[in-house]
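Asks: Any chance you could fold what I've pasted below:
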Amino acid sequence: MSNNSSVAAVSMNERAVLVQVLVVVFLLINAALLATFFMQEAFYTTVRYIFFATTLTSDCLILFLTNVLLLHDYFRVGIRAGPCSVLFALSFVYTLVTPFTLTAMSLERYVAICMPLRHAELCSPRGALACVLLIHGLSVLPCLVTLLAVFASAPPGFYRRRVLCSAQVFLLHRWQGAFMAAVNQLYFLSMCVSIVFCYVQITRAARSASGEDRKSVWKGIKTVVLHAFQLLLCLIQLWCPFVEDAVLPFGETVFRNVRYFNYITFYLAPRCLSPLVYGLRDESFRRALRRYVLLGFRAKRSFH
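Replies: Modelled structure (predicted):
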């Protein structure tokens, strides 16, 4: 019995170390991409790169916040419900910001390919910033309703309680879970319809294009497909808490295994696709990233 317990403990320690390594690697990559974005004016005045920077920022926040919550659960250290509500709100909001932004990026590609004469008008930097604000507003809405219900009905000592921080702490009423599930389904359906619409319209444009235009259009199709796959992984995150609640009666070991699998597959994996879509596939960004990395390496060598 003790041998089994020690093996399980070693396995959990190895998993925790692996997660920390992956989180640090992804955060460093995203930080390098964000630094490249701000170093060149052409990037922060172009709509698709503004959306790209938004996803990178959202991914960094999600990686940091979910890792804090994961470690908090791993070490079983309770924190007060007040600070937990802040962690819950930020993690919930930015879990939605990324898929919303991916949808906006696909719509931008649709406008660029299918409506090129109106692209400058519809996809201006000011319009992109307004879209980012709208995305954050839509992402805040379900979380705000949930927390307002808690503020209105929670007993006075609720915020001083020490809890293992999770979304379930703030679901005091059955209708809150139903409301969040309904909103998630509505958002999921809206994003899926938008992605499918973009794919169909860009595919139609590809059939009538020729030469360089055809090459550019097919590149746009590949980008939309990657966004769709990334979006699917991000949206499955919304259902992870319900899956974890469903397996909880089968024991803590099963619960922890499912939570670990969900975190690796649906939280970490989508965050490594953002650098792939623009950081590596986009020629302009890849060239700028290589130049700034080499400059930093040369500066470091000359300093020594």
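
Asks: Can you show me the helices along the protein?
Replies: The residue ranges that make up the helices of the chain, judged by DSSP state H, are 2-39, 41-44, 47-74, 81-114, 119-122, 125-153, 174-208, 211-237, 240-247, 252-262, 269-274, 283-303.

Asks: Show me what the fourth one is packed against.
Replies: If contacts are counted by 3 or more CB pairs under 8 Å, 6 or more residues apart in numbering; DSSP states H and E, helix 81-114 sits against helix 47-74, helix 119-122, helix 125-153, strand 162-163, helix 174-208, helix 211-237. The C-beta positions use only the backbone N, C-alpha and C, and glycine is treated the same way.

Asks: tilt between it and helix 174-208?
Replies: Angle of helix 81-114 versus helix 174-208, following axes from the mean of the first three to the mean of the last three CA atoms, to 10 degrees, is 20 degrees.

Asks: Helix 81-114: how far from the chain's middle?
Replies: A distance of 6 Å separates the C-alpha centroid of helix 81-114 from that of its chain, computed with CA atoms, centre = their mean, to the nearest Å.

Asks: go on, the third one?
Replies: A distance of 6 Å separates the C-alpha centroid of helix 47-74 from that of its chain, computed with CA atoms, centre = their mean.

Asks: got it, and the second one?
Replies: The chain centroid and the centroid of helix 41-44 are separated by 23 Å under CA atoms, centre = their mean.

Asks: Next, the buried residues of it.
Replies: Along helix 41-44, these residues count as buried under the neighbour rule (16 or more other CB atoms under 10 Å): Phe43.

Asks: Kindly report the same for the third one.
Replies: Of the residues in helix 47-74, those buried by neighbour count under the rule 16+ other CB under 10 Å are 47-63, 65-67, 69-70, 72, 74.

Asks: hmm, back to that, for the helices and strands packed on helix 81-114, please prepare a markdown table with the additional fields distance to Glu252 and mean pLDDT.
Replies: Shown next, in a markdown table, are the helices and strands packed on helix 81-114 (distance: least, CB to CB, whole Å; pLDDT from 0 to 100):
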| stretch | distance to Glu252 | mean pLDDT |
| --- | --- | --- |
| helix 47-74 | 11 | 86 |
| helix 119-122 | 52 | 86 |
| helix 125-153 | 26 | 90 |
| strand 162-163 | 17 | 84 |
| helix 174-208 | 22 | 84 |
| helix 211-237 | 22 | 74 |
